[in-house]
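S.K.: Have a look at this prediction, sequence included:
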Amino acid sequence: MLIAPSLLSCDFSRFGEEISRMDKAGADFMHLDVMDGHFVPNITFGAPVIKWVRKYTDKPFDVHLMISDPLKYIDDFADAGADIITFHVEADSDIQATIDKIKSHNIKAGLVIKPNTPADVVFPYLDQLYMVLVMTVEPGFGGQSFMADMLPKVQAIRKEADRLGLCDLLIQVDGGIGEQNINQAFKAGVDVCVAGTSVFKAEDAAVAIKNMKDKCI
Ligand code: DX5
Ligand code: ZN
């Protein structure tokens, strides 16, 4: 299981150091939640901030765009140093054009579905994607409860990916994940877990990450 700490729960006055701390603690990806106050009812940070903190790690930057018009900003996030860009199928931009734009920068593309969106919406795009993110909370805020009833969507996506012979596709879940429930995600076929509160509120982030990985057997 790969663990992607969500920097949404970090001390933003020390954003760079928090990234270094997660790097040392064993993070696989740095999950960066971009919110525009329109697609979701919260505002975080944008491409200029990501560009400033890029130098604090060599680990992949996994940029989760919770914005209404992702297509308009792909060039900016590419320039900021994103390695993976995921965007919501529920956003306003044309999905195919947005995937094409991300890939034109040699960046890995991912689609995200909110809790009320069925899994099959992503099926037509699976062969072009590096990752699919199944939200296990309503996007917008950290610290919410994990929705275990989203896991059948993970299984459905895995089944369709297998049917298409896409054995490298990563499936990610995001929201409410910690030591207490990561095994359920693992068993459903999840490859990457985002974890905000459970990593940042832990006394020792390295222990929290290790304990989560150890539960995946
Ligand atoms: C929610 C964000 C998540 C969030 C996860 O909209 O996409 O990445 O930070 O935080 P926790 O792990 O606290 O639910
Ligand atoms: Zn996220």
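M.R.: Received the coordinates, thanks. Ligands and ions are numbered 1, 2, ... in the order given.

S.K.: Enumerate the beta-bridge partners assigned to whichever residue of the chain sits closest to ligand 2.
M.R.: Nearest to ligand 2 in the chain, going by C-beta to the ion, is residue 64, at a distance of 3.8 Å. C-betas here are computed from N, CA, C, even on glycine. Residue 64 has these beta-bridge partners by DSSP bridges: residue 33, residue 86.

S.K.: Would you confirm that residue 191 contacts residue 173?
M.R.: No. In this structure, residue 191 is not within contact of residue 173 by C-beta atoms under 8 Å, at 9.4 Å.

S.K.: returning to what we had before: residues touching the residue of the chain closest to ligand 2, list them.
M.R.: Contact analysis of residue 64 by C-beta atoms under 8 Å, 6 or more residues apart in numbering lists 31, 32, 33, 34, 86, 112, 133, 174, 194.

S.K.: Between those residues, which sits nearest residue 56?
M.R.: The closest of these to residue 56 turns out to be residue 32 (C-beta to C-beta; 11.9 Å).

S.K.: That closest one: neighbouring residues, count only.
M.R.: Using other C-beta atoms under 10 Å, the number of residues around residue 32 comes to 26.

S.K.: How many residues are close by the nearest residue to it once chain neighbours are set aside?
M.R.: Nearest residue to residue 32 in three dimensions, chain neighbours excluded: residue 63, at 4.9 Å (C-beta to C-beta, 6 or more residues apart in numbering). Neighbour count for residue 63, taken as other C-beta under 10 Å: 28.

S.K.: ok, which residues in this structure are in contact with ligand 2?
M.R.: 33, 64, 174 (C-beta under 5 Å from the ion).

S.K.: Would you mind listing the outside residues contacting the biggest helix by length in the chain?
M.R.: Looking across the chain with DSSP state H, the single longest helix is helix 151-163. Applying C-beta under 8 Å, 6+ apart, the contact partners of helix 151-163 are 113, 118-120, 122-123, 126, 132, 134, 167, 169, 171, 173, 184-185, 188-190.

S.K.: Swap in 10 Å and give it another go.
M.R.: With C-beta atoms under 10 Å, 6 or more residues apart in numbering as the test, helix 151-163 has contacts from 111, 113, 115, 117-120, 122-123, 126-127, 129, 132, 134-136, 166-173, 181, 184-185, 187-191.

S.K.: which ones among those are found in strands?
M.R.: Among the contacts of helix 151-163, the ones falling in strands (DSSP state E) are 111, 113, 132, 134, 135, 170, 171, 172, 173.

S.K.: What is the neighbour count of residue 132?
M.R.: 28.

S.K.: Enumerate every residue touching it.
M.R.: Counted by C-beta under 10 Å, 6+ apart, residue 132 has contacts 86, 89, 110-113, 119, 122-123, 125-126, 153-154, 157-158, 160-161, 169-173, 191.

S.K.: Tell me the bridge partners for it.
M.R.: Counting by DSSP bridges, residue 132 is bridged to residue 111, residue 171.

S.K.: Just checking the distance from stretch 188-204 to the centre of its chain.
M.R.: Remark: stretch 188-204 is offset 11 Å from the chain centroid, using C-alpha atoms, centre = their mean, to the nearest Å.

S.K.: Cool, thanks, talk later.
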